[in-house]
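1. give me the fold of what follows.
(2 chains)
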Amino acid sequence: MSLRTHTCGELRKNNVGETIALCGWVGSRRDHGGLVFIDLRDRYGVTQVVFNPKVHPQAYEVSKDLRPEFVISIKGQVSERPSGTTNSKLPTGEIEVSAEVLEILNPSQTPPFEIQDEVEVSEDIRLKYRYLDLRRPFMQRNLLNRYRISKIARDYLDKQNFLEVETPMLTKSTPEGARDYLVPSRIFPGKFFALPQSPQLFKQLLMVSGYDRYYQLTRCFRDEDLRADRQPEHTQIDIEMSFIDEEDVFKLIEGLLSEVFKGVLNLELKMPLPRLTYEEATSRFGSDKPDLRYDFKLVDLTNWAKTVEFKIFRETAEKGGKVKAINAKKGASFSLKDIEDLTEFVKSLGAKGLAWMKYEESGEWKSPIVKFFLTTNLAELKNQMKAEPEDLILFVADKKEVVHSTLGPLRLKVVEKLGIKPKTDFALLWVVDFPLLEYSEEEKKFVAVHHPFTSPKKEDIALLDKEPLKARAKAYDLVINGTEAGGGSIRIHSQDLQKRMFNLLGINDQDAQVKFGFLLEAFKHGAPPHGGIALGLDRLTMLLLGLKSIRDTIAFPKTQSSSCLMTESPSEVSERQLKELHLNKGRE
RNA sequence: GGGGGUGUAGCUCAACCGGCUAGAGCGCUGCCCUGUCACGGCAGAGGUUGCGGGUUCGAGCCCCGUCACUCCCGCCA
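-> Prediction:
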């Protein structure tokens, strides 16, 4: 017979009188000398159990030994709580179980921290005892909602005729992109597998095979440095389709997101999602993943700057750079120290400095540089910036890229500092028309912005020969609250175009053959037009639940230095293992 | 690779200008308590101030180094 008849979250008034059995962990224990109460907890909830010496003396005797986190089973009758003793905070708060039989299934040491959401615990302690951390309602809720998202995604894609296909975890290293995690081959001395950064090539091959609607919830590995929203292994909802164009992807994903937001948060998203081109996003918000929960934008003052005396502005504008500014509404309250901090902030991001002007109640501008501007300049500035009393204008003058990459983050910094409330809980959008290529100063060559299999826009193919940097790609990102939640592209399916791309990227025929020969060969055998997208499941979960870190959506995440504090990995291996793999220990 | 923050009792934190016999809350242990649910009362245990070195009459506090965690830049097709 099963040890329990119910879970700790389900008993209600209508169960009163039933004899039931519960199992779970002891939460708080309240010993009144005569009467003992405990909160019995499992992942479904909490139920109060009462031990009464007058009614069931044996169970009462055993209950004296109970301590937090003991695993127990109890048998007893569900009873209505005496009036005035119900607990409205608990779904089970109208009833309690009067224990007739108590069995301690397993005692527990005192836990290193209390299993409650209210108790703050530093992250390294949580990670070391992750199995205890995962007992907390906070983490149980996160993992439950993560599961709901995957379930909704699978159900939705299944209904849309998609087929989940698994692809290899041991695969070929490709030097493009992120650093690979390598797995040495025992059979082939000196050769290595790589863990996949994504199933990119395999899903394209599945298109060639005729699996025209593929998806997979799969792990991806990238050996790069971590962030709050980046882990060395993360899970993608990976999708690829044949005979489609960008619009089909947007429609499919908008349908998926509608169901996810509805299913998890009971929220109706307005569809279709807004779109910004890469150009619009970067010039208005200084980011290719703009956070549209806040509306103030970068204002382009380059033309105005050409008319002013102030040398830094005028010369930057005349030499082809940009002068842009943001209006930090009501930012006049910032002290000089605050502004100095903001200046340091943009400098750390690569700006040469930060100019500022306060527009005062009196209608006067206050700023160390105000003397370099004519009254007409200032009037025009007020007009362009829509400045009102108590506003603070923050300027950066530099190359376009620097202006965007400094004012973009500054915009968010100012939002945070001013405590501006978001207009909405969720701002989703597509960023489209990414550039196909960018120039890598480090490698002194063109590199693909997305990946080398991304198709250029049809109308931009002609640009590939003359002005390749101007060519736009059929690539798109899904952005939620300023975080990239997914991205994809329509792929190249023609061998010729693919060859031209490789040439542009400085990958010669021989290199291409060695690295991607199997894909090029496959494309000779009837490759349909295709494209797809991958959504980050961990990030999606984080964003939906409003969490600060992706780690709170992963059962067993890594620390910032990619270690696991619980298993203490990575760890040393034996000489024998190394020998079998034909490896020598690296030197420190 | 670089910049910032943190590290003191099991947990979360405090300790003013370098004077401390290093405190508090929670937790823990024991005793008391029949309607609690952040139960209550009394008593108690618990510290290599991350680690190593230095300065000083004296270091949790200052200096140098190092380790761990964390946020960010670079990196992440």
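2. pull out the buried residues from stretch A:437-450.
-> A:437, A:446, A:447, A:448, A:449, A:450 (16 or more other C-beta atoms under 10 Å). All C-beta atoms are positioned from the backbone trio N, CA, C, and that covers glycine.
3. and the furthest pair within those residues?
-> Greatest spacing in these, by C-beta to C-beta: A:446 and A:450 (12.9 Å).
4. and the longest helix along chain A, anywhere near RNA strand B?
-> If you go by DSSP state H, chain A has its longest helix at helix A:137-159. No. Judged by C-beta under 7 Å from any atom of the strand, helix A:137-159 stays clear of RNA strand B, getting no closer than 13.2 Å.
5. and that helix, what's buried?
-> So, applying 16+ other C-beta under 10 Å, buried residues of helix A:137-159: A:139, A:142, A:143, A:145, A:146, A:149, A:150, A:152, A:153, A:156, A:157.
6. hmm, who's touching that helix?
-> With contacts defined as C-beta atoms under 8 Å, 6 or more residues apart in numbering, helix A:137-159 is touched by A:43, A:116-117, A:133-134, A:164, A:213, A:215, A:217, A:237, A:239, A:255-256, A:259-260, A:263-264, A:535, A:537-538, A:540-541, A:544-545, A:547, A:552-553, A:555.
7. immediately after it, which helix or strand?
-> Sequence-wise, the next helix or strand downstream of helix A:137-159 (DSSP states H and E) is strand A:163-164.
8. what pairs with that next one, and is each one parallel or antiparallel?
-> strand A:213-221 (parallel) (DSSP bridges).
9. in the strand it pairs with, which residues are buried?
-> Buried, per 16+ other C-beta under 10 Å, within strand A:213-221: A:213, A:214, A:215, A:216, A:217, A:218, A:220, A:221.
10. write out the residues of the stretch 101-250 of chain A neighbouring RNA strand B.
-> So the stretch 101-250 of chain A meets RNA strand B at A:110, A:112-114, A:119-125, A:127, A:176-179, A:197-198, A:200, A:222, A:224-230 (C-beta under 7 Å from any atom of the strand).
11. rewinding a little: redo the buried residues of helix A:137-159 as JSON lines? Include pLDDT.
-> Shown next, in JSON lines, are the buried residues of helix A:137-159 (pLDDT from 0 to 100):
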{"residue": "A:139", "pLDDT": "97"}
{"residue": "A:142", "pLDDT": "97"}
{"residue": "A:143", "pLDDT": "97"}
{"residue": "A:145", "pLDDT": "97"}
{"residue": "A:146", "pLDDT": "98"}
{"residue": "A:149", "pLDDT": "98"}
{"residue": "A:150", "pLDDT": "98"}
{"residue": "A:152", "pLDDT": "98"}
{"residue": "A:153", "pLDDT": "98"}
{"residue": "A:156", "pLDDT": "98"}
{"residue": "A:157", "pLDDT": "98"}
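12. can you put the buried residues of strand A:213-221 in CSV and add pLDDT?
-> Formatted as CSV, the buried residues of strand A:213-221 follow (pLDDT from 0 to 100):
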residue, pLDDT
A:213, 98
A:214, 98
A:215, 98
A:216, 98
A:217, 98
A:218, 98
A:220, 97
A:221, 97
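13. of the residues you listed, which is the nearest to residue A:35?
-> When those are compared against residue A:35 (criterion: C-beta to C-beta), the nearest one is residue A:217, at 49.6 Å.
14. against residue A:178, how distant is that closest one?
-> 20 Å (C-beta to C-beta, to the nearest Å).
15. where does the stretch 451-588 of chain A dip in pLDDT?
-> A:586-588 (pLDDT under 70).
16. mind listing the strands for it?
-> A:475-480, A:483-490, A:530-536 (DSSP state E, counting those that start in this stretch).
17. can I get those in a markdown table with mean neighbour count and distance to residue A:2?
-> Written out in a markdown table, the entries for the strands of the stretch 451-588 of chain A read as follows (neighbours: other C-beta atoms under 10 Å; distance: least, C-beta to C-beta, whole Å):
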| stretch | mean neighbour count | distance to residue A:2 |
| --- | --- | --- |
| strand A:475-480 | 25 | 43 |
| strand A:483-490 | 21 | 42 |
| strand A:530-536 | 24 | 39 |
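18. in JSON lines, list those along with distance to residue A:394.
-> JSON lines is the format used below for those (distance: least, C-beta to C-beta, whole Å):
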{"stretch": "strand A:475-480", "distance to residue A:394": "24"}
{"stretch": "strand A:483-490", "distance to residue A:394": "24"}
{"stretch": "strand A:530-536", "distance to residue A:394": "32"}
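19. could you dump the ones you listed to CSV with distance to RNA strand B?
-> Listed next are these as CSV, based on distance: least, C-beta to the nearest atom of the strand, whole Å:
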stretch, distance to RNA strand B
strand A:475-480, 9
strand A:483-490, 8
strand A:530-536, 8
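20. could I get the full set of helices for the stretch 451-588 of chain A?
-> A:463-466, A:495-504, A:509-523, A:537-545, A:575-580 (DSSP state H, counting those that start in this stretch).
21. most tightly surrounded among those helices?
-> Neighbour counts (mean count of other C-beta atoms under 10 Å) averaged over each of the helices of the stretch 451-588 of chain A peak at helix A:537-545, with a mean of 23.
22. just the C-alpha atoms of it, please, in PDB.
-> Presented in PDB, the C-alpha positions along helix A:537-545 are these (Å, rounded to 0.1, in the frame of the first residue of the first chain):
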ATOM      1  CA  LEU A 537      14.200  28.400 -22.400                       C
ATOM      2  CA  ASP A 538      16.100  29.500 -19.300                       C
ATOM      3  CA  ARG A 539      15.900  33.200 -20.300                       C
ATOM      4  CA  LEU A 540      12.300  33.000 -21.300                       C
ATOM      5  CA  THR A 541      11.500  31.500 -17.900                       C
ATOM      6  CA  MET A 542      13.600  34.100 -16.100                       C
ATOM      7  CA  LEU A 543      11.800  36.900 -17.900                       C
ATOM      8  CA  LEU A 544       8.300  35.600 -17.500                       C
ATOM      9  CA  LEU A 545       8.800  35.100 -13.800                       C
END
